[in-house]
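**Student:** Please find the sequence and the predicted model below.
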Amino acid sequence: MSKQVFNESGIEIKPVYGPDDVSDPDRIGMPGEFPFTRGIHELMYRKRPFTMRQYAGFGTPSQTNERFQYLISQGQTGLNVAFDLPTQVGLDSDSAMAAGEVGRVGMAVDTLEDFEIAFEGIDLEKITVSLTINGAAAILMAMYFALAQKRGYDLSKLRGTAQNDILKEFVGRGTWIFPVESSMRLVGDTIVYCAENVPRYSPVSVCGYHIRESGANPVQEMAYGFCIAKAYVDLVLQRGLDIDEFASRLSFNFDIHGNFFEQIAKFRAGRRLWARIVRDTYGAKDPKSMWLRMIAGGGGGGLTIEQPENNIVRGAYYALISALSGTQTMALCSFDEAYTIPSERAARISLRTMQILIEEMGLADTVDPLGGSYYVESLTDEMEKEIESVMAEVDSQGGIVRAIAEGHVQNAVSRQAYEHHQKLESGEIRKVGVNCYQVEEEQPDIEFHPTNEEECEKKIERLEAIRAERDGVRVADALTGVREAAGNSENVMPAIMSAVTAYATVGEITDCLVDVFGRFPEPIRF
Amino acid sequence: MRILIAKPGLDGHDVGAKIVARALMDAGFEVIYTGLRKSPEEIAAVAVEEDVDVIGLSVLSGSHLPICSSFSALRSEHQLDDKLWLVGGNIPHKDVAALENLGVDAVFPVGTPLRTIVDFINEKAK
């Protein structure tokens, strides 16, 4: 008898699977048909390959525009904007807390002018743009819509995505600003605003991704993600929208690293479970509402500083997993991303990895090629059961919003990260190049992406100039409008749109909201 | 021994800081964790108020030099010079000397075994 084997989610893996292990064919279904186990579209990549959307942005808007133009010229089909930390937490570039951080891990944005520069020369109808922004999402979304309007696009046709998943920021990633309840209200405001004004835009991308990166296992990643998505759905239903008016615009962002088949099964299980939740719990009629549309990839947590070139190989497997899982959009962390903002060369290798799958490997030829595999179908069933059981556990503890506000999810996830780390150090979990097959190597030559202080200073000077040039009365009125809307519990989006259009800054608008909402008191739990 | 683990700056990567905090607690130390997004001033104030023996800063955003440079000045101002000062996170090898020049007692980049950190503190505590 061979030794027992378990995957990371704790499911025992048998040495061999056979016909008796596979669930009945109706549960699996066909691609494009409920319950969508095999994919949300009938023809999937035969009709349109997955969108390739590398995360990019650094320095000033014009530096970022250059990188965007480069990636598009290399065949990238979507953009995913990285913002610097001050922007993400609602600070202007000249704020004292922003010192040393301007333009460091993403693009610095203060006013609408920055968006005008960053997206210059990019056709926003051809290239869909995803904004990785959460705490300050309402403001940056408003900026994007204002830019689109200014450039003459019809908002009713505008596509794109905002991450705007604040609940997961409290668990991992940490760019929260306001307390949980007010943060949720802003998510509700943006979803309702989009449903009414920008109906083809995806106002939220629910991220199991960062919860996984913070230490959750694959089952918890999906389960916490779905609990969070349900919290947003409940919120919007309370505002009086019908489930079919907005559910089809919810999207998801999941992580890929770790056991190959466990990841594939988690996505197939997730698709089936989400379809059932939306249909049976929420009574949706439109099949599109039941679709689990996702970006899947990344895999930052799987990359290592040791022997970084191994990350190119890992990235290729992550991309393969993503394609075999029927993702809509793919992004890959680059091989140098464990220690820096990707170099142009590293970003290009990630893009080529995805292109090779489509152009050379035949991954677009047929839909869900693993469908019907004894192992994959059996594991899909088991992962689905486990995800449901973690979701039930969260419900029994009073729901995800409470669990996060009180810090229970954070505590559980960070404990697991600690245990995982201990197992890595003891060698119980193997990591190539880290605790086995190490080589004596010079400490890899970590070269941080250079931040250009001169550019940052120019950015701050420009911000000061805009403050002087703009119509001060109009800005003050617009900011008063934001404060009033926030206080009155009316939808704040129209007021924020007026403010960004008047060139009010991210920091000024955030401060108005903080005046009304206050700031999140971070629970410290161990 | 009381140890302060702090997250200066805006960086939200707290997985490592929390892992180190737990390891230090398991090793028998009393640990105070600041939570995210603390200014160097706030961290110095907590260090004084909690009368800690060790101050550990975790930075992964690449802003370790400006952050440690402002903390270095505050350290003298608040008479914290005799407290052990540790820095962890995404720290390139070439910056270690600059951090040591600012007064940092030890730098523990990503990948440092937890044992090394615990042993270092125990050794210094002797």
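**Tutor:** Thanks, I have it.
**Student:** Now the spatially most central residue of chain B: which helix or strand?
**Tutor:** Geometric centre of chain B, nearest residue: B:Gly56, 1.5 Å, by Cα atoms, centre = their mean. If you go by DSSP states H and E, B:Gly56 is part of strand B:54-59.
**Student:** per-residue confidence for residue 62?
**Tutor:** Since you didn't name a chain, this refers to chain A. In this model, A:Ser62 is scored at 94, pLDDT.
**Student:** Oops, wrong one, chain B.
**Tutor:** B:Gly62 is assigned a pLDDT of 87 by the prediction.
**Student:** That one: neighbouring residues, count only.
**Tutor:** 25 (other Cβ atoms under 10 Å in any protein chain shown). From N, CA and C alone the C-beta is placed, and that goes for glycine too.
**Student:** Now do it against A:Thr77, distance only.
**Tutor:** Distance of B:Gly62 to A:Thr77, given as Cβ to Cβ, to the nearest Å: 29 Å.
**Student:** Is the strand holding B:Gly56 positioned near chain A?
**Tutor:** No. Judged by Cβ under 8 Å from any Cβ of the partner chain, strand B:54-59 stays clear of chain A, getting no closer than 10.1 Å.
**Student:** Can you list the strands that that strand pairs with?
**Tutor:** Strand B:54-59 has these partner strands in its sheet, going by DSSP bridges: strand B:2-6 (parallel), strand B:84-89 (parallel).
**Student:** In three-state terms, label B:Val107 for me.
**Tutor:** Recorded secondary structure, B:Val107: strand (DSSP: H, G, I helix; E, B strand; the rest coil).
**Student:** ok, now how distant is it from A:Thr340?
**Tutor:** From B:Val107 to A:Thr340 the distance is 18 Å (Cβ to Cβ).
**Student:** is it true that the residue nearest to the centre of chain B touches B:Ala23?
**Tutor:** No. Contact criterion Cβ atoms under 8 Å: B:Gly56 and B:Ala23 do not qualify, at 11.2 Å.
**Student:** picking up where we left off before, export the strands paired with strand B:54-59 as CSV, with columns for mean pLDDT and mean neighbour count.
**Tutor:** Compiled in CSV, those are given as follows (pLDDT from 0 to 100; neighbours: other Cβ atoms under 10 Å in any protein chain shown):
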stretch, mean pLDDT, mean neighbour count
strand B:2-6, 97, 22
strand B:84-89, 97, 22
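**Student:** Distance to A:Gly298 added to the ones you listed, as a markdown table?
**Tutor:** Output for those, formatted as a markdown table (distance: least, Cβ to Cβ, whole Å):
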| stretch | distance to A:Gly298 |
| --- | --- |
| strand B:2-6 | 27 |
| strand B:84-89 | 20 |
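**Student:** And those strands: which comes nearest A:Leu351?
**Tutor:** A:Leu351 sits nearest to strand B:84-89 of all the strands paired with strand B:54-59, at 28.6 Å, using Cβ to Cβ.
**Student:** Excluding its own residues, what touches that closest one? List them.
**Tutor:** B:13, B:16-17, B:20, B:53-60, B:64, B:68, B:75, B:99, B:103-110, B:112, B:117, B:120-121, B:124 (Cβ atoms under 8 Å, 6 or more residues apart in numbering or on different chains).
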